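Q: below is the sequence, then the predicted model.
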Amino acid sequence: MAAAAVRVFVEGDWVRVPPLSYFTGVAVAAWFGGIGPAVLAVVASAYAMALIGRAPLLADAPQAFGLLLLAATGAALAAIANAVRAARQRADAHAAAALRRGAELEQQMENRTRAEQALHDQYQLMQGIADNATAALCMTDAAGRCTYINPAAQELLGYSFLQLRGRALHDVLHTEHDAGEPPCPLGSGAPHRALRAHADTIRRADGMSIPVLCAMTPIRRDGESVGSVVELRDISAERRAAQDREALLAVTEQARVNAEAASQAKDEFLAILSHELRSPLQAMVGWLAALRMHPDDSATIGRAVEALDRSLRLQGDLVNDLLDVSRIISGKLTLERTWVDLALIAAAGTDLARPAAAAKSLDLHFVPPVDAVPLLGDPGRLQQMIGNLLSNAIKFTPAGGRVDVRVGAAGDIAQVTVTDTGEGIAADVLPHIFERFRQADSRSTRAHGGLGLGLAIVRHLAEAHGGTVDATSPGLAGGSCFRIELPLAAGARPEAPSSGDASVSDLAGLRILLVDDDGDSAEALALALSDYDARVAVATSAAHALARLASERFDVLVSDVGMPGESGLSLIRSIRAREVSDGYRLPAIALTGFASVEDHAHALAAGFDAHLAKPVDVATLLARLQRLAPSRDGAAAGPTQVSE
């Protein structure tokens with residue numbers, strides 16, 4: 001194309017063929033090949049024109065000028081086309097760079113959006129965890145000011161987040177520290193390292209102080225502490241549980257000490273019981289040996305009888321005390337209440353104690369009240385209470401001392417006061433003086449004799465009557481004062497206490513059937529009753545007794561209960577069954593070593609009219625016989641239910 005254009009130009013056919021094709025070829029070469037191919041196209045066109053032209057290339061000046069002008073124009077056009085091409089390439093490069101930058105920016109925006117979403121999701125997750133955590137969590141800035149608290153912290157502290165936001169937690173929550181305690185971590189801003197949980201006390205919004213465990217964890221940014229997470233845990237329950245455990249341990253320890261003391265007291269009591277039971281037994285063994293050695297010495301016989309009587313009474317008192325304590329412990333102590341005058345009961349009890357007081361050269365004084373002191377009570381038990389207090393006072397008062405008994409009333413309360421000038425009671429012993437198995441000094445108790453149960457029995461009997469008993473003493477060697485207080489009974493009809501003496505004139509000829517498998521006991525009791533002119537027949541078994549009853553008539557039956565083969569209860573049932581057809585009711589007394597409340601009830605339910613516990617005083621047995629024996633006109637005195 002360039003050669004054709006050159007040819008036309010050289011031939012001078014300017015009008016017919018313009019140089020458009022030449023310029024187009026140069027422009028195309030410059031556009032696609034750059035400046036180098038465009039210049040080559042111009043040179044090649046000029047050279048081609050010289051080769052194919054019909055005249056020399058520079059045959060004349062106009063033709064040479066035209067050729068040069070055409071070459072220059074083509075070169076200029078090539079330069080312009082190349083510049084445009086370069087500009088287009090630069091534009092394309094800039095556009096491509098812009099597209100790449102846009103894509104990168106779009107990717108960065110997408111990544112940032114994803115990161116922000118992940119961060120938002122993580123924040124929501126962490127806030128959900130914090131909001132639902134059971135631990136109280138607070139966040140502070142570097143200065144210790146609150147930036148967040150979770151609901152558990154709001155409940156624990158009593159503050160809302162709006163009330164605490166921007167405020168220093170230490171100033172709001174912390175109470176004053178005692179001197180010498182380390183400073184509170186809350187007041188030191190953001191920690192540089194995690195602080196382990198430590199016990200502290202904080203103040204709630206309502207002013208109440210609560211113990212907590214406080215732990216702090218730093219919040220770091222670029223290696224610097226910019227805040228902290230504070231965890232608070234209420235330990236009030238743990239503190240209370242610890243206090244309860246300490247109290248329980250103290251109670252348990254005290255119970256253990258009390259149990260050991262009670263066990264020791266029981267051991268001492270058993271040792272004393274053994275001593276007190278063996279001592280009278282030794283006296284009896286000794287005097288029985290003396291009687292065998294001197295069977296005809298009246299003086300020895302008299303002294304032996306007195307000693308045996310004292311020993312037997314002492315053993316009876318010991319057994320009665322043990323039985324009373326057993327009834328008290330089992331809650332089966334019963335009272336036979338009637339209207340009595342407490343002054344008469346106390347006077348009778350004082351008279352019974354006079355021989356013991358005289359034996360120790362003691363002045364025993366009874367101060368009666370101006371008026372009667374009526375109350376509803378068990379005469380025997382009331383006399384036992386006063387007798388125990390007098391026995392205690394006489395036992396611990398040295399020879400030449402004084403014992404006073406006063407009876408009176410204060411308002412609606414009856415009072416019996418027993419005062420002595422004896423050994424007194426130590427202050428540490430006084431609160432325990434009425435406890436079972438507790439004695440001030442076991443050595444002293446053994447020196448004076450007795451089991452130390454008398455005062456415990458007094459307390460329980462007083463309480464059974466609805467009253468109280470207390471003791472006071474200024475201390476050792478200061479004497480003591482015991483006071484019984486019982487409720488008075490308005491409109492009472494007091495009765496004088498029975499002396500217990502039997503009128504034995506009516507026992508002459510009384511026919512008694514005595515049933516006991518112990519031959520020695522039966523023989524001794526038969527001999528004693530025979531001395532009162534009673535006619536006594538002895539049977540050694542229930543079968544033997546039934547045989548005697550089938551052939552003889554008796555006025556009273558006195559039977560043991562615990563016998564081999566057939567018991568006394570079975571015997572009385574058989575007798576009562578026969579009486580339905582005979583029409584005669586035989587008065588019967590159960591004389592047995594079974595002395596509990598249940599034994600008493602069983603005996604009466606089986607058909608006995610009275611229940612007496614072994615060993616029995618002959619006078620007591622005679623009194624019961626007198627009450628049960630038929631009158632001299634043949635009528636029975638009637639059954640009674642009495643237990644001793």
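A: Alright, I've got the coordinates.
Q: in a helix, residue 566, correct?
A: No. With DSSP: H, G, I helix; E, B strand; the rest coil as the criterion, residue 566 is assigned coil and is not in a helix.
Q: contacting residues around it?
A: Residue 566 makes contact with 541, 542, 543 under the criterion Cβ atoms under 8 Å, 6 or more residues apart in numbering. Using the backbone N, CA and C atoms, a C-beta is placed for each residue, glycine as well.
Q: now the nearest residue to residue 373 once chain neighbours are set aside: how far from residue 509?
A: Among residues not flanking residue 373 along the chain, residue 342 sits closest, at 4.1 Å (Cβ to Cβ, 6 or more residues apart in numbering). Distance, residue 342 to residue 509, using Cβ to Cβ, to the nearest Å: 41 Å.
Q: these two - which one has more neighbours?
A: The neighbour count for residue 342 versus residue 509, taken as other Cβ atoms under 10 Å, is higher for residue 342 (27 against 10).
Q: select the longest strand from this structure.
A: Assignment by DSSP state E gives strand 209-221 as the longest strand of the chain.
Q: beyond that one, next helix or strand please.
A: With elements assigned by DSSP states H and E, the helix or strand that comes after strand 209-221 is strand 224-234.
Q: and that next one, what does it pack against?
A: Counting contacts by 3 or more Cβ pairs under 8 Å, 6 or more residues apart in numbering; DSSP states H and E, the secondary-structure elements packed against strand 224-234 are strand 136-141, helix 151-157, strand 195-203, strand 209-221.
Q: chain center to that strand: distance?
A: Mean C-alpha position of strand 224-234 versus that of the full chain (Cα atoms, centre = their mean, to the nearest Å) differs by 38 Å.
Q: OK, contacts around residue 537?
A: Residue 537 makes contacts with 511, 512, 513, 514, 548, 552, 554, as judged by Cβ under 8 Å, 6+ apart.
Q: state the mean pLDDT of whichever helix or strand it is part of.
A: Under the criterion of DSSP H and E, residue 537 resides in strand 535-539. In this model, strand 535-539 has an average pLDDT of 91.
Q: that strand pairs with which strands, and in what direction?
A: strand 511-515 (parallel) (DSSP bridges).
Q: using PDB, list the CA coordinates for the strand it pairs with.
A: Only the C-alpha atoms of strand 511-515 are listed here, as PDB (Å, rounded to 0.1, in the frame of the first residue of the first chain):
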ATOM      1  CA  ARG A 511     -55.100 -68.600 158.800                       C
ATOM      2  CA  ILE A 512     -52.400 -67.700 156.300                       C
ATOM      3  CA  LEU A 513     -51.200 -69.800 153.400                       C
ATOM      4  CA  LEU A 514     -47.600 -68.800 152.600                       C
ATOM      5  CA  VAL A 515     -46.400 -70.000 149.100                       C
END
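Q: packing partners of whichever helix or strand comes after it?
A: Downstream of strand 511-515, the first helix or strand assigned by DSSP H and E is helix 519-530. Using 3+ Cβ pairs under 8 Å, 6+ apart, the elements in contact with helix 519-530 are strand 511-515, strand 535-539, helix 618-628.
Q: swap in 7 Å and give it another go.
A: Under the contact definition 3 or more Cβ pairs under 7 Å, 6 or more residues apart in numbering; DSSP states H and E, helix 519-530 sits against strand 511-515, strand 535-539.
Q: on that earlier part again, worst average pLDDT in the helices and strands packed on strand 224-234?
A: Among these, strand 195-203 scores lowest, at a mean of 80.
Q: quick one: buried residues of it?
A: Neighbour counts using 16 or more other Cβ atoms under 10 Å place 195, 200, 202, 203 of strand 195-203 among the buried residues.
Q: quick check: nearest residue in space to the first one, chain neighbours excluded?
A: Same thing as residue 195. Nearest in space to residue 195, with sequence neighbours left out and distances taken as Cβ to Cβ, 6+ apart, is residue 216 at 4.3 Å.
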